[in-house]
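Peer 1: could you look at this predicted model? Sequence included:
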Amino acid sequence: MHQQTIAEQLIEIEALKINMNEPFTWSSGITSPVYCDNRLTMSYPEVRRQIARKLANQIDRSQVDVIAGCATAGIPHAAFTAELLDLPMIYVRSKPKGHGLENMIEGRVDLGDRVVVIEDLISTGQSATKVVEALREKGCEVLYVLSIFTYGLDVAEEQFNQKGIINTSLVTFDQIANLLVDKGEINQNDYHALLEWRYNLILTSSES
């Protein structure tokens with residue numbers, strides 16, 4: 001029996017949405033014909049298990065002290081992965097909480113801890129960068145960022161390079177685009193339109 005890839009599973013559960021006529025608007029303000037909603041994977045046990053296994057396989061447990069999730073969509077996948085590896089887990093908010101202890105980092109992390117950050121997807125890279133910077137300010141060593149999906153935008157790669165952040169994603173925009181064509185979900189015109197959108201965004205984006 002064919003073992004589905006994570007890319008295939010994202011398409012099957014409709015976590016990957018395509019709308020060429022009415023683009024989606026990201027939190028950064030960028031409009032995109034593609035939207036990847038990895039939150040849906042929580043509702044599919046086999047999908048979330050496979051994602052956790054793939055993420056865990058990228059991690060050398062002996063070299064890591066803590067798994068960190070980016071709030072909010074990275075939190076469940078960090079938890080699933082930390083459970084598989086029997087490692088402590090924390091999560092990091094996009095900004096400090098406005099009440100109580102006003103924490104940005106939730107959970108126990110200590111000076112010098114080696115941390116792997118789990119993010120659900122990488123678009124501009126801003127949210128993952130904020131998490132890494134918060135952990136570094138706490139005195140942690142961030143080894144790398146692991147994500148489920150990446151749009152493959154230069155703006156994210158440039159930001160990571162500037163901050164010395166290593167990122168690996170399980171699924172890429174190009175893999176998804178090719179798979180959609182192979183499955184007949186989009187035609188060749190739409191395929192080229194997707195690539196053109198990404199190419200134009202790379203050319204015109206000045207967001208850092």
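Peer 2: Yep, that arrived. Residues are numbered from 1 along each chain as shown.
Peer 1: from now on I want contacts and neighbour counts done on CA atoms only, so please keep to that.
Peer 2: Will do.
Peer 1: can you give me the neighbour number for Y191?
Peer 2: As a burial measure, Y191 scores 16 neighbours (other CA atoms under 10 Å).
Peer 1: residues contacting it?
Peer 2: By CA atoms under 8 Å, 6 or more residues apart in numbering, the residues touching Y191 are A177, N178, V181.
Peer 1: and S127, by the same measure?
Peer 2: Here S127 is in contact with C70, S94 (CA under 8 Å, 6+ apart).
Peer 1: middle-most residue in this protein, spatially?
Peer 2: Among the residues of the chain, the smallest C-alpha distance to the mean C-alpha position (CA atoms, centre = their mean) belongs to L121, namely 2.3 Å.
Peer 1: what comes up buried for stretch 134-145?
Peer 2: A134, L135, R136, C140, E141, V142, L143, Y144, V145 (16 or more other CA atoms under 10 Å).
Peer 1: most neighbours, which of the contacts of Y191?
Peer 2: A177 leads the contacts of Y191 on contacts (other CA under 10 Å) with 19 neighbours.
Peer 1: that one touches E196, doesn't it?
Peer 2: No: using CA atoms under 8 Å, A177 is not in contact with E196, being 11.7 Å away.
Peer 1: rewinding a little: could you find the closest non-adjacent residue to the residue nearest to the centre of the chain?
Peer 2: Nearest non-adjacent residue to L121, counting by CA to CA, 6 or more residues apart in numbering: F149, 4.6 Å away.
Peer 1: look up which residues are beta-bridged to the one you found.
Peer 2: L121, V171 (DSSP bridges).
Peer 1: where's it relative to V34, distance?
Peer 2: 12 Å (CA to CA, to the nearest Å).
Peer 1: before we move on, what about E106?
Peer 2: Applying CA to CA to E106 and V34 gives a distance of 32 Å.
Peer 1: check contacts around the residue nearest to the centre of the chain.
Peer 2: Per CA under 8 Å, 6+ apart, neighbours of L121: C36, N38, S147, I148, F149, T150, Y151, S169.
Peer 1: which among those count as buried?
Peer 2: The neighbour count (16+ other CA under 10 Å) marks C36, N38, S147, I148, F149, T150, Y151, S169 as buried among the contacts of L121.
Peer 1: now do the contacts for the second one.
Peer 2: With contacts taken as CA under 8 Å, 6+ apart, N38 has the following neighbours: L10, A15, A73, D120, L121, I148.
Peer 1: now the third one
Peer 2: By CA under 8 Å, 6+ apart, the contact set of S147 is I118, E119, D120, L121, I122, N167, T168, S169, L170.
Peer 1: tell me the secondary structure at it.
Peer 2: When classified by DSSP: H, G, I helix; E, B strand; the rest coil, S147 comes out as strand.
Peer 1: tell me the predicted confidence for it.
Peer 2: You'll see S147 listed with a pLDDT of 98.
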